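In: turn this into a model:
(chains A and B)
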Amino acid sequence: MTTLIANELLKLRTIRSPWLLVALTQLIIVMGVSGVFIGGADATAAGTPIGAVGHAGLLSLFTLVLGITAVAGEYRHKTITDSYLATPPARPTDRREARRLHSVRDRLRPPQRAHRPDCVRRVACRQRR
Amino acid sequence: MAVISARGLTKTFGEVKAVSELTFEVAEGRITGFLGPNGAGKTTTLRMLLGLIRPTSGTALIDGRPYRELTQPRRVVGAMLDADSFHPGRTGRNHLRVLAGTTGVPPARIDVVLDQVSLTRDAGRRVHGYSVGMRQRLGLASALLGDPAVLILDEPTNGLDPAGVAWLRTLLRNLASEGRTVLVSSHALAEVAATVDDVVIISGGQLQYSGPLSDLSHARTTLEDSFLRLTGSAS
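Out: Residues are numbered from 1 along each chain as shown, chains lettered A, B, ... in the order given. You can find the predicted model right below:
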């Protein structure tokens, strides 16, 4: 798993668009902060710092763009085939194994009292036990 | 010994039966040509062998196991399905670095395969500046990266100039002489006739012939004649 994550990071590092996004993010932050002060804001006023970085939250949208371009790019450039060849997707045997593990888990689970529709009143139930 | 075997391989896409009850074997250490007209089901079959498409019925085995059950599959099978499956902004070397990570081979192997396909000098260039031939070479380098015993190549001669085709023929011959098994699909029949040991011919998703090339083409009958007769394309 660590290898796969390291490899995804390598994929991002070896193309230009993620670096451009990072650079653009920095640029927008600097522009936003500078803009407030160029506009003559009072640096000592309580609301100024909040106003200066108020736009930074929007930059999280860039993360979204990064994710979309990274995944969509795999399909667009057909490199997804290489990913599947190196790490084949979930196999039917995996699913069978999962079902088997689920049935083992169900067997190991502490037995739950069977629902008995006729055992409504607590006294009647106790008498039966 | 059969390294690749398809048994009763069938794939339907809705109403369309792309591959029907296909059974053939590819012997170890030999080059096998996989031939068929357009839409015969060649790529679908290769994709089923590689676990990229799940067969409707039948089995596709490599070394006796389905591709999906191979541990470190790229070290067993090297595949080139599409000669243009690269990020255009990534350099050839970086493309191989990415693959080396998931293939489980040391970075030193990258230089070996780049040298093998004569791409060392251009490895630092971005792929969008590569010619068709260079992309084919990079695709082959990707397939060879895991030093696999089995190679599956889909139309590797597409877009290659005569020098490139001759180079590929020598490369495949060398790989087979090292004991590797090569399954190669192609339309270039003259080229196939000069390169392969065995042929598998399919048409309409069904097997038409599987066996040695020598049984199919001899003095008076060329591979092209046999191909056209078997696939019903003769005019």
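
In: same question for the helix or strand where A:D82 lies, mean pLDDT?
Out: Secondary structure from DSSP states H and E places A:D82 in helix A:80-86. Mean pLDDT, helix A:80-86: 90.

In: ok, the spatially closest residue to A:T81 that is not a sequence neighbour - how many residues close by?
Out: Leaving aside its chain neighbours, A:T81 sits nearest to B:S85 (5.5 Å; criterion: C-beta to C-beta, 6 or more residues apart in numbering or on different chains). Where C-beta positions appear, they are placed from N, C-alpha and C, glycine not excepted. The tally of other residues near B:S85 (other C-beta atoms under 10 Å in any protein chain shown) stands at 19.

In: same thing with B:G129?
Out: A total of 11 residues lie near B:G129 under the criterion other C-beta under 10 Å.

In: which strands and helices sit next to the longest helix along chain B?
Out: In chain B, taking DSSP state H as the definition, the longest helix is helix B:162-177. Using 3 or more C-beta pairs under 8 Å, 6 or more residues apart in numbering or on different chains; DSSP states H and E, the elements in contact with helix B:162-177 are strand B:31-35, helix B:132-144, strand B:181-185, helix B:189-195.

In: isn't B:V192 right next to B:S186, touching?
Out: Yes: with contact defined as C-beta atoms under 8 Å, B:V192 reaches B:S186; the gap is 5.1 Å.

In: what touches both of the two?
Out: Here B:V192 and B:S186 have B:33, B:35 as joint contacts, going by C-beta atoms under 8 Å, 6 or more residues apart in numbering or on different chains.

In: who has more neighbours, the two?
Out: The residue with more neighbours, out of B:V192 and B:S186, is B:V192; 25 against 20, by other C-beta under 10 Å.

In: list the contacts for the closest residue to that one other than its chain neighbours?
Out: Nearest residue to B:V192, sequence neighbours excluded (C-beta to C-beta, 6+ apart): B:G33, at 4.2 Å. Residues near B:G33 by C-beta under 8 Å, 6+ apart: B:184-186, B:192, B:195-196, B:198-200, B:213.

In: and what of B:S203?
Out: Residues in contact with B:S203, defined by C-beta under 8 Å, 6+ apart, are B:36-37, B:40, B:230-233.

In: check what pLDDT the spatially most central residue of chain B gets.
Out: Residue closest to the mean C-alpha point of chain B, counted by C-alpha atoms, centre = their mean, is B:L153 at 1.6 Å. pLDDT, B:L153: 95.

In: could you do B:E69 as well?
Out: Listed pLDDT for B:E69 reads 91.

In: so what's the residue count around it?
Out: Neighbourhood size, B:E69 [other C-beta under 10 Å]: 14.

In: write out the residues of chain A neighbouring chain B.
Out: Residues of chain A lying close to chain B by C-beta under 8 Å from any C-beta of the partner chain are A:3-4, A:6-7, A:10-11, A:14-17, A:73, A:77-79, A:81-89, A:91, A:93.

In: buried subset of those?
Out: In the residues of chain A next to chain B, burial by neighbour count holds for A:7, A:11, A:14-15, A:73, A:77, A:79, A:81-86, A:88, counting by 16 or more other C-beta atoms under 10 Å in any protein chain shown.

In: which pLDDT value belongs to residue 118?
Out: By default, I'm working from chain A. Value listed for A:D118 in the pLDDT field: 52.

In: wrong one, I was asking about chain B
Out: Predicted confidence (pLDDT) at B:S118: the value is 91.
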